[in-house]
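1. no sequence for this one, just the structure:
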């Protein structure tokens, strides 16, 4: 008698994802026994493979890649290798060489965001995102909210610079 071993974590994840996707889609591929469902099972397993491979790729590369913070710009920076012309703001993220010069040193002055406090002496000071041009985000509920408001400000600046 051969001893049955547990599946490898990747195989278990693959099977779990395939079954979950099939169930969500209403497929009976993993509910019905027999070889009649082998083709359908293989399709769901292929979808699961794609998902697992995407997770693996993200594990290997995703933590090193950053997109430009400007909405609609899909330029990527590998933060380990670095590339000339990219600038980083600790407040909002990275800007590509197309947008950084306009926002950091444009004709109407720099637009560099930074977090501060509306009333630093308050018992619970509220964080406030400000731009070096004088713009501020006002009350924000969370960091991403302030970033989105600054992105809208940056889009107006970029539109005016065209």
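-> Nice, thanks for sending it over. Computed from a prediction, not measured in an experiment: that's the story for all the values here.
2. CA atoms for contacts and neighbours, from now on please.
-> Will do.
3. could you work out the end-to-end span of stretch 105-116 for me?
-> Taking Cα to Cα, to the nearest Å, stretch 105-116 runs 21 Å from one end to the other.
4. give me the buried positions along it.
-> Of the residues in stretch 105-116, those with enough neighbours to count as buried (16 or more other Cα atoms under 10 Å) are 110, 111, 112, 113, 114, 115.
5. swap in stretch 131-142?
-> Within stretch 131-142, the residues scored as buried using 16+ other Cα under 10 Å are 131, 136, 137.
6. ok, now stretch 65-76?
-> In terms of neighbour count (16+ other Cα under 10 Å), stretch 65-76 has its buried residues at 66, 67, 68, 69, 70, 76.
7. and stretch 118-125, by the same measure?
-> Buried residues in stretch 118-125 (16+ other Cα under 10 Å): residue 118.
8. what's in contact with that stretch?
-> Identification of contacts with stretch 118-125 by Cα atoms under 8 Å, 6 or more residues apart in numbering yields 117, 126, 127, 128.
9. sorry, back to before: just the buried residues of stretch 105-116: which are in strands?
-> When strands are assigned by DSSP state E, the members of those inside them are 113, 114, 115.
10. partner residues bridging the second one?
-> Using DSSP bridges, the bridge partners assigned to residue 114 are residue 130.
11. who are the contact partners of it?
-> If you count contacts by Cα under 8 Å, 6+ apart, residue 114 has them with 89, 90, 91, 129, 130, 131, 132.
12. in the protein, which spans are helices?
-> 9-25, 38-57, 100-105, 143-161 (DSSP state H).
13. nearest to residue 81, of the ones you listed?
-> helix 38-57 (17.6 Å; Cα to Cα).
14. does anything pack onto the closest one? Which helices or strands?
-> For helix 38-57, the packing partners by 3 or more Cα pairs under 8 Å, 6 or more residues apart in numbering; DSSP states H and E come out as helix 9-25.
15. packing partners of the helix it packs on?
-> Partner elements for helix 9-25 (3+ Cα pairs under 8 Å, 6+ apart): helix 38-57.
16. show residues contacting the helix it packs on.
-> Outside helix 38-57, the residues that reach it (Cα under 8 Å, 6+ apart) are 10, 13, 14, 15, 17, 18, 19, 21, 22, 29, 30.
17. quick check: the farthest pair among those?
-> Taking Cα to Cα, the two most distant members of the contacts of helix 38-57 are 10 and 29; they sit 20.3 Å apart.
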